[in-house]
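>>> A predicted structure for the sequence below; I have some questions about it.
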Amino acid sequence: MRGTPKGAVIIGASAGALEALSSILPALPAGYPLPIFVIVHLPPNKRSVLAEIFNIKCRLRAIEAEDKEPVEPGVIYFAPPNYHLLLEGRSNIALSGEEAVLFSRPSIDVAFESASEAWGDRLTGIVLTGANHDGARGLQAIGRSGGTMIVQDPASAYAQAMPEAAMLASPNAHVFTLPEISSYLLSNFQ
Amino acid sequence: MTETFEKIEDIEIRLLLEALYHRYHYDFRNYAMSSIRRRLRQAREQLGFSTISAMQEGVLHDTDMLPQMLRYLTIQVSEMFRDPSYFLAIREKVVPHLRTYPSLKIWIAGCSAGEELYSFVILFREEGLEERTLFYATDINPDALAHAETGIYDIERIRLFTENHRQAGGKTSLSDYYTSGYNRCVLDKSLRRNVVFSDHSLVTDQVFGEMQFVSCRNVMIYFDRPLQNRAVGLFRDSLPHNAFLGLGAKETLRFSTHVDSFREFVREEKIYQRNGE
Ligand SMILES: C[S@@+](CC[C@H](N)C(=O)[O-])C[C@H]1O[C@@H](n2cnc3c(N)ncnc32)[C@H](O)[C@@H]1O
């Protein structure tokens, strides 16, 4: 299944990410029509095994993005540790070693802003559990260009600070539990 | 509304890059747009221009703007022995091949403030190869090159450099190579004995010699794909049969038009070896 996808999903998560993602990503069916970008805060100088784990758990292919990786529907792209993930239009991922933002590289804000420039109102941004404020600005940017904003219900999150900050910055974002996020992703794009 | 705004900004960016090119011959026109856009927005905000067009006027009429622009448009993030496993792989897998050559030329392309260059020199000294090696360290940013030639780094960075060096299989202590004073470390000037620093652009300049190893890390990620092809083409033409090319941890030749000119030598470390034609 090639060609330019019709939209995209981008997810940001920090503390508690593995568990939260485990309830969302494996639920996506084979042939899912959108690319999914996942930004997780990770220690900078260690290899990440996230892509390997989810490649096993998921029906979709999960990979750690390399520079200029082509964007294809139904592929889950993890940002590598120590690089920002940017979207070079709708067709390629570009990585960058620019300074950390809010002490984070990859930065959820940076990736969300860049994705919103590429995909505009065709983008769904999701802020999950985390113990910092990354993602709040990025989600706002997605909202400003008409994209869909989703925040994990802080009450259901392992760490509340990140979803709370995102809600505060974007009061009209959907606030969903993890199962609701899953069904949203399924219902809207099948 | 916002869409129109963003399109105008992209036009302004293109015009500014043209201005830089025609006025100063620095060619950023085929750099990855996503990063250029971020950097120019930061520059506009921090330098206090109301629009990117206003900044373009500055670029054209005020020569002091050039170093400022280069500071934003080139990313200077680096470390000594960055990704220690890369240097460990060079030590264990590449050095045995290099030993078979009576003389060596090594090219560090996009050397920033010299961190990567000095990592190579120290590794080669430890392996007994320094004497027979000429190191070319090139970059387009004159401030970075000037910094590289001083070999002076903030003392807070040394702890990380030392740990990286150790993980890279260092056979000596990093402290053997510097003296510290105030809050800075000064690398021993003997490390520069066999080094040639030079202003060279992978975008606008040509090949300048035959190399046994080219290390170009975290430079081409800022290029778009056609420009990456141009740069890899330069490396291909610099590297004879069986010579080596090392890239950054998340860079790959998979998407390059020159992929068939190379084979993976140490896959996980992005070290490639040149094929015969
Ligand atoms: C992020 S640093 C990489 C430093 C080092 N190689 C490393 O991996 O740590 C990127 C460097 O590439 C340089 N650069 C950018 N465009 C270049 C070009 N066209 N030709 C040569 N060097 C370039 C920048 O000035 C900067 O010093």
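Ah, there it is. Numbering: from 1, shown residues only, chains lettered A, B, ... in the order given.

>>> How far away from the center of its chain is the helix or strand of chain A with the lowest mean pLDDT?
Ranking every helix and strand in chain A by mean pLDDT, DSSP states H and E puts helix A:178-189 at the bottom, with a mean of 89. In terms of CA atoms, centre = their mean, to the nearest Å, the centre of helix A:178-189 is found 14 Å from the chain centre.

>>> Can you point out the buried residues in it?
Using 16 or more other CB atoms under 10 Å in any protein chain shown as the burial criterion, the residues of helix A:178-189 that qualify are A:178, A:181-182, A:184-185, A:189. C-beta: built from backbone N, CA, C; applies to glycine.

>>> Convert the helix or strand containing A:Ile11 to CSV, retaining C-alpha atoms only.
Assessed by DSSP states H and E, A:Ile11 sits inside strand A:8-13. Taking C-alpha atoms only, strand A:8-13 is exported to CSV below (Å, rounded to 0.1, in the frame of the first residue of the first chain):
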residue,chain,number,x,y,z
ALA,A,8,-1.6,11.3,9.8
VAL,A,9,-1.6,10.6,13.5
ILE,A,10,1.1,11.9,15.9
ILE,A,11,1.4,10.8,19.5
GLY,A,12,3.6,12.2,22.3
ALA,A,13,4.3,10.4,25.5
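
>>> and that strand, does that touch chain B?
No: Strand A:8-13 is not in contact with chain B by CB under 8 Å from any CB of the partner chain; minimum separation 13.7 Å.

>>> and that strand, average pLDDT?
The average pLDDT within strand A:8-13 is 98.

>>> And for stretch A:34-50?
94.

>>> And for stretch A:61-71?
The model assigns stretch A:61-71 a mean pLDDT of 98.

>>> ditto for stretch B:230-249
pLDDT averaged over stretch B:230-249 gives 98.

>>> buried stuff in that stretch?
B:230-236, B:238-239, B:243-249.

>>> swap in stretch A:64-72?
In stretch A:64-72, counting by 16+ other CB under 10 Å, buried: A:64-69, A:71.

>>> The residue in the stretch 1-150 of chain B that chain A sits nearest to: which element?
Residue nearest to chain A within the stretch 1-150 of chain B: B:Ser34 (3.8 Å; CB to the nearest CB). Assessed by DSSP H and E, B:Ser34 sits inside helix B:33-47.

>>> and the next helix-or-strand element following that helix, anywhere near chain A?
From helix B:33-47 onward toward the C-terminus, using DSSP H and E, the following helix or strand is helix B:52-61. No: on the criterion CB under 8 Å from any CB, helix B:52-61 is out of touch with chain A, staying 15.0 Å away.

>>> For the spatially most central residue of chain B, give me the pLDDT.
By CA atoms, centre = their mean, chain B has its centre lying nearest to B:Gly110, at 2.2 Å. pLDDT for B:Gly110: 98.

>>> cool, and A:Met1?
On the pLDDT scale, A:Met1 gets 44.

>>> who touches the residue nearest to the centre of chain B in this structure?
B:138-139, B:202, B:216-219 (CB atoms under 8 Å, 6 or more residues apart in numbering or on different chains).

>>> Now do the closest residue to B:Leu187 other than its chain neighbours: how many residues are near it, please.
Leaving aside its sequence neighbours, B:Leu187 sits nearest to B:Gly151 (CB to CB, 6 or more residues apart in numbering or on different chains; 3.5 Å). Other residues near B:Gly151 number 22, with proximity taken as other CB atoms under 10 Å in any protein chain shown.

>>> how about B:Gly151, what does it touch?
B:Gly151 neighbours (CB under 8 Å, 6+ apart): B:114, B:118, B:186-189, B:191-192.

>>> which among these gets closest to the ligand?
B:Gly114 (9.2 Å; CB to the nearest ligand atom).

>>> coming back round to it: what's the least confident helix or strand of chain A packed up against?
In terms of contacts (3 or more CB pairs under 8 Å, 6 or more residues apart in numbering or on different chains; DSSP states H and E), helix A:178-189 is packed against helix A:17-24, strand A:123-127, strand A:148-152.

>>> Next, the angle strand A:8-13 makes with the helix or strand just after the first one.
Beyond helix A:17-24 in the direction of the C-terminus, DSSP H and E gives the next helix or strand as strand A:36-40. Counting by axes from the mean of the first three to the mean of the last three CA atoms, to 10 degrees, strand A:36-40 points 20 degrees away from the direction of strand A:8-13.

>>> ok, then the element right after strand A:36-40?
Following strand A:36-40 in sequence, per DSSP H and E, is helix A:50-57.

>>> how about that following helix, does it get close to chain B?
No: Helix A:50-57 stays out of contact with chain B when judged by CB under 8 Å from any CB, the minimum separation being 12.1 Å.

>>> Tell me the gap between that helix and the middle of its chain.
Using CA atoms, centre = their mean, the offset of helix A:50-57 from its chain centre is 15 Å.

>>> Run through the neighbouring helices and strands of the helix or strand following it.
Of the helices and strands lying after helix A:50-57 in sequence (DSSP H and E), the nearest is strand A:61-64. Judged by 3+ CB pairs under 8 Å, 6+ apart, the packing partners of strand A:61-64 are helix A:50-57, strand A:75-78.

>>> Output these as CSV; include the columns mean neighbour count.
Shown next, in CSV, are the helices and strands packed on strand A:61-64 (neighbours: other CB atoms under 10 Å in any protein chain shown):
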stretch, mean neighbour count
helix A:50-57, 16
strand A:75-78, 24
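
>>> And those: which comes nearest the ligand?
From the helices and strands packed on strand A:61-64, taking CB to the nearest ligand atom, the stretch that ends up closest is strand A:75-78, at 21.5 Å.

>>> Now that closest one: average pLDDT?
Mean predicted lDDT for strand A:75-78 stands at 98.

>>> Name the strands paired with that strand and say parallel or antiparallel.
Sheet pairing of strand A:75-78 (DSSP bridges) gives strand A:36-40 (parallel), strand A:61-64 (parallel).

>>> Contact residues of the stretch 151-277 of chain B facing chain A?
Going by CB under 8 Å from any CB, the residues of the stretch 151-277 of chain B near chain A are B:218, B:220-222, B:224-225, B:228, B:248-252, B:254-255.

>>> on that earlier part again, next, format the contacts of B:Gly151 as JSON lines and append pLDDT, secondary structure and distance to A:His174.
As requested, the contacts of B:Gly151 are exported to JSON lines (pLDDT from 0 to 100; DSSP: H, G, I helix; E, B strand; the rest coil; distance: CB to CB, whole Å):
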{"residue": "B:Gly114", "pLDDT": "98", "secondary structure": "coil", "distance to A:His174": "50"}
{"residue": "B:Tyr118", "pLDDT": "98", "secondary structure": "helix", "distance to A:His174": "52"}
{"residue": "B:Val186", "pLDDT": "97", "secondary structure": "strand", "distance to A:His174": "56"}
{"residue": "B:Leu187", "pLDDT": "98", "secondary structure": "strand", "distance to A:His174": "55"}
{"residue": "B:Asp188", "pLDDT": "97", "secondary structure": "coil", "distance to A:His174": "60"}
{"residue": "B:Lys189", "pLDDT": "97", "secondary structure": "helix", "distance to A:His174": "61"}
{"residue": "B:Leu191", "pLDDT": "98", "secondary structure": "helix", "distance to A:His174": "57"}
{"residue": "B:Arg192", "pLDDT": "98", "secondary structure": "helix", "distance to A:His174": "59"}
